[in-house]
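Peer 1: sequence and predicted model, in that order:
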Amino acid sequence: MSVLTKQPPGAAPAAAAAGGKPRIRPSRRKKQRSGYLFLLPWFLGMLFTVIPFFASLYLAFTDYNLFTEPNFVGLANFQAMFEDPRLLQSLKVTFIYTFVSVPISLAVALLVALVLNRGLQGLSIYRSVYYLPSLLGGSVAIVMLWRYIFGNDGIVNGFLGLFGIQGPAWVTDPQFSLSTLIVLNVWTFGSPMVIFLAGLRQVPGMYYEAASIDGASRWRQFRSITLPLISPIIFFNLIMQLIGSFQTFTQGYVMSGGTGGPADSTLFYNLYLYQKGFTEFEMGYASAMAWLLLMIIAIFTAINFIASKFWVFYDN
Amino acid sequence: MKKTTTTHIPRRTVLGAAVVAAGLALSACGGGGTTPSGSSGSVELNFVFWGDANRAKMTEAALRIFEKKNPGITVKTEYQDSGPYADKLATRFAGGNPPDVLAMANRSLLEYAQRGTLADLKSFSELNLDKVPESTLSRGEVDGKLYGLATGVTTIGMVVNKTITDQAGVTIPDDKTWSWDDYAKFATEVTQKTGGKVYGAGYDVATETGPILLARQRGEDFYTKDNKLGVSEKTIEDWFQYSVDLRKSGGYPPAGFFEQIGGSPAQSYLAKGTVASQIIPINNFRGYNEAVEGEVVLLRIPGETTGERRGYSADPTMLWSIAAKSKHPKEAAKLVDFLTNDADGAAEVLTQRGVPINPEVAAAITPKLSADDKTFVDMMAAIQEDDLPPAYVYPKGASVVADTLKQLTTEVEFGRVSPADAAKTFMEKSNAAINK
């Protein structure tokens, strides 16, 4: 996946240098060489991505079980997927999680960014405070903490108890367990927020001045100036969040102790993939699943790119 | 992007640094592999197991004795909780870098063995199996090859917090003759008389050892001699139904009550004092009695005399295996021999991993046992005085069966599926996994 998302650092300048004049002066050649040298770590890193990438493509068509030599089985793994109820369940979990939590967390991120953009005292402190959860959200410790906050004797149920409400078993009841994780994901709105904030600061103040002279309301200004001008940022955040949440693993793994429970209600696609590969030793099937996920993400990204033509506005 | 101004660090320095960094990165990748044996022909064995710090401490003490008795062999250990342990083990085998000697769970043995990853323990002259009873050997055997040797034997039992039941004025039934109905009545009474502060029953419905025992009491083998699923759908349904009824009567906590099952005794609900009884592997009895405030008594599982036959069997607590790819198989076999037959080593580990399978070793450590461990060993011996039906090795796919049971238990717990439907699904999924 990182192949799709990561930009090689410094790749663009190097390419520009290579495509420059036909005759390169000695000093430039030297510069070029050191450019490549700086790229070396990235190339080495690529090996660790590219080799498994193609290995998994091959393994997807085998019955590889981790221990014995893989045998070619054609499309058997992909056919088996259609008859696998747990695979469907894992898709369901992942889709619900993605389509509920991504819009909410983007909306929250934008809202907080708008508030912070109004020129608060100590902006950098607020920014850090709100950004912090997104650094920690995917970490094991925070998911553990979440378990306790939403536990039967946790803070949330303690708070509800003050009003005489007997809170449900947020973590162990299959009806609520996924929503608990969605709340966790929304809480980590920090990184899109920081990007939104950067985007908002780029919007020229004169537009607002002109609009307010014309008597436009704040809401009108937001809809007609802010939204169109930051639509590329929204688009970028949407794509990143979508890809990230399709690949959710840690939250489900830690919250359920690796089972995807209670009753498969937090069986994320990647968690099921992991179970197939490493607890049931069906690495061939797991590889095929990885490629299905790649295709799903590619399709949703493509849909977004096509749709973006109708709502993303590039001001240049 | 802003254009950066030229910095005046000499290029040579940068190049040098880059080369050094790359070198470091590469050498770091090389680490963690097998350690080449030293010049003096010494061998380092990698030995892994699951458990807590206490178990690790006792094991280390035994290993120092092994090293003293076998100069030239050093043992490096690693341990984790059972969940992460299973994950890591699979990865290490897959990566072609398995440990030499390892602890194996009953339910995973054939998953590994039938993929050719484990050595036949009978093929080592270093490992003496003369003293080990045939019934114990058979629990690690398939097609005449021994892939796992019991670390000790244990079974499950009911632990009851007697301090709570005494205070509530509830008498604990005679465990030699009690039925499952007696247990249900007892549990319900505890909940009532403590005013709902303590639930009478708190056993884990999702652990397969429970239904395995129930099946045996009914004349069925949960796992059969030819490595199939032998339990009937009715037995699984009844196992689920029993918990549903017990929950309805108040003897068992409401749905969602148990958040973390299977942790250490100190984290158990018995230790928290919110349940009065629990089913445990009885080699852990001492841990529970120490973790729980008040007196804990160890009882037999209900239904032993009211069913068709005894449900009990002396089961491997876990199994020792040697990786087929071990670079030092002879030394590894020596270690397994030590763990099985050496009384000095066993004196350090005691009954941590069950009653030693070599009767002479078991006898030798008996005087050294604490009162609680003695209770465990005595109960193990008492159970085996009866005529127990044979038990068999867990088939390949047993870990899927365990996961399926866990998943369906939750479905039943929250009333999303009826016990009958859950049993039907259990049979389908388990048979599919085992017969694959």
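Peer 2: Here it is on my side, so go on.

Peer 1: average pLDDT across the helix or strand in which A:Arg127 is found?
Peer 2: For A:Arg127, the enclosing helix or strand under DSSP states H and E is helix A:123-136. Across helix A:123-136, pLDDT averages out at 81.

Peer 1: tell me the angle whatever helix or strand comes next after it makes with helix A:123-136.
Peer 2: Counting by DSSP H and E, the element after helix A:123-136 in chain order, helix or strand, is helix A:140-149. For helix A:140-149 against helix A:123-136, the angle by axes from the mean of the first three to the mean of the last three Cα atoms, to 10 degrees is 90 degrees.

Peer 1: which positions in helix A:140-149 come out as buried?
Peer 2: Under the neighbour-count criterion of 16 or more other Cβ atoms under 10 Å in any protein chain shown, helix A:140-149 has A:142-143, A:146-147, A:149 buried. The way it works is simple: take the backbone N, C-alpha and C, and place the C-beta from them, glycine included.

Peer 1: ok, the residues you listed vs B:Leu246, which is closest?
Peer 2: A:Arg147 (26.5 Å; Cβ to Cβ).

Peer 1: any figure for the gap between the closest one and chain B?
Peer 2: As defined by Cβ to the nearest Cβ, to the nearest Å, A:Arg147 lies at a distance of 7 Å from chain B.

Peer 1: before we move on, what about A:Leu238?
Peer 2: 24 Å.

Peer 1: right, and the helix or strand after the host helix or strand of that residue?
Peer 2: For A:Leu238, the host element (DSSP H and E) is helix A:227-246. Counting by DSSP H and E, the next helix or strand C-terminal to helix A:227-246 is helix A:250-256.

Peer 1: for residue 127, list the residues it contacts.
Peer 2: You didn't pick a chain, so chain A it is. The contact partners of A:Arg127, taken as Cβ atoms under 8 Å, 6 or more residues apart in numbering or on different chains, are A:116, A:194, A:197.

Peer 1: that was the other one, I meant chain B.
Peer 2: Residues in contact with B:Leu127 (Cβ under 8 Å, 6+ apart) are B:121, B:149, B:333-334, B:336-337, B:340.

Peer 1: what's the closest of the buried residues of helix A:140-149 to chain B?
Peer 2: Minimum distance to chain B across these is 7.5 Å, recorded for A:Arg147 (Cβ to the nearest Cβ).

Peer 1: tell me how far A:Ala80 lies from B:Asp337.
Peer 2: Distance, A:Ala80 to B:Asp337, using Cβ to Cβ, to the nearest Å: 44 Å.

Peer 1: and the two? which has more neighbours close in?
Peer 2: A direct count of neighbours by other Cβ atoms under 10 Å in any protein chain shown for A:Ala80 and B:Asp337 places B:Asp337 higher, at 20 against 15.

Peer 1: next one: the more buried one from chain A, what distance?
Peer 2: From B:Asp337 to chain A the distance is 26 Å (Cβ to the nearest Cβ).

Peer 1: show the contacting residues for that residue.
Peer 2: The contact partners of B:Asp337, by Cβ under 8 Å, 6+ apart, come to B:126-128.

Peer 1: which residue is the nearest non-sequential neighbour of A:Asn117?
Peer 2: Spatially, and ignoring its direct neighbours in sequence, A:Asn117 is nearest to A:Leu200 (4.4 Å; Cβ to Cβ, 6 or more residues apart in numbering or on different chains).

Peer 1: let me see the ranges of the strands in the stretch 151-300 of chain B.
Peer 2: Per DSSP state E, counting those that start in this stretch, the stretch 151-300 of chain B carries strands over the ranges B:153-154, B:156-161, B:277-281, B:296-299.

Peer 1: those: which one's closest to B:Leu229?
Peer 2: The nearest among these, by Cβ to Cβ, is strand B:156-161 at 19.9 Å.

Peer 1: tell me the strands beside that closest one, with direction?
Peer 2: Strand B:156-161 has its sheet partners listed here by DSSP bridges as strand B:277-281 (antiparallel), strand B:296-299 (antiparallel).

Peer 1: how near is B:Ala103 to B:Leu146?
Peer 2: Distance of B:Ala103 to B:Leu146, given as Cβ to Cβ: 16 Å.

Peer 1: same question but for B:Gly200, I mixed them up
Peer 2: For B:Gly200, the distance to B:Leu146 equals 43 Å [Cβ to Cβ].

Peer 1: can you check B:Phe414 too?
Peer 2: According to Cβ to Cβ, B:Phe414 and B:Leu146 sit 43 Å apart.

Peer 1: these two: which is more packed in?
Peer 2: Taking other Cβ under 10 Å, B:Phe414 and B:Leu146 do not tie; B:Leu146 has more neighbours (24 against 18).

Peer 1: what is the neighbour count of B:Met58?
Peer 2: Residue crowding around B:Met58 was assessed by other Cβ under 10 Å; the count is 16.

Peer 1: any idea whether it is helix, strand or coil?
Peer 2: Using DSSP: H, G, I helix; E, B strand; the rest coil, the structure places B:Met58 in helix.

Peer 1: tell me who's in contact with whichever residue of chain A sits closest to chain B.
Peer 2: Among residues of chain A, the one nearest chain B by Cβ to the nearest Cβ turns out to be A:Ala169. It sits 2.7 Å away. Going by Cβ under 8 Å, 6+ apart, A:Ala169 touches A:152, A:176, B:255-257, B:259.

Peer 1: can you tell me which two in those residues are farthest apart?
Peer 2: A:Phe176 and B:Phe257 (14.3 Å).

Peer 1: mind checking how far the residue of the stretch 251-400 of chain B found nearest chain A is from B:Phe414?
Peer 2: Nearest to chain A, among the residues of the stretch 251-400 of chain B, is B:Gly256, at 2.7 Å (Cβ to the nearest Cβ). According to Cβ to Cβ, B:Gly256 and B:Phe414 sit 7 Å apart.

Peer 1: what's the overlap in contacts for the two?
Peer 2: Taking Cβ under 8 Å, 6+ apart as the criterion, B:Gly256 and B:Phe414 both touch A:Asp173.

Peer 1: chain B contacts on the stretch 151-300 of chain A?
Peer 2: A:151-152, A:168-169, A:171-175, A:257-259, A:261-264, A:278-281, A:283 (Cβ under 8 Å from any Cβ of the partner chain).
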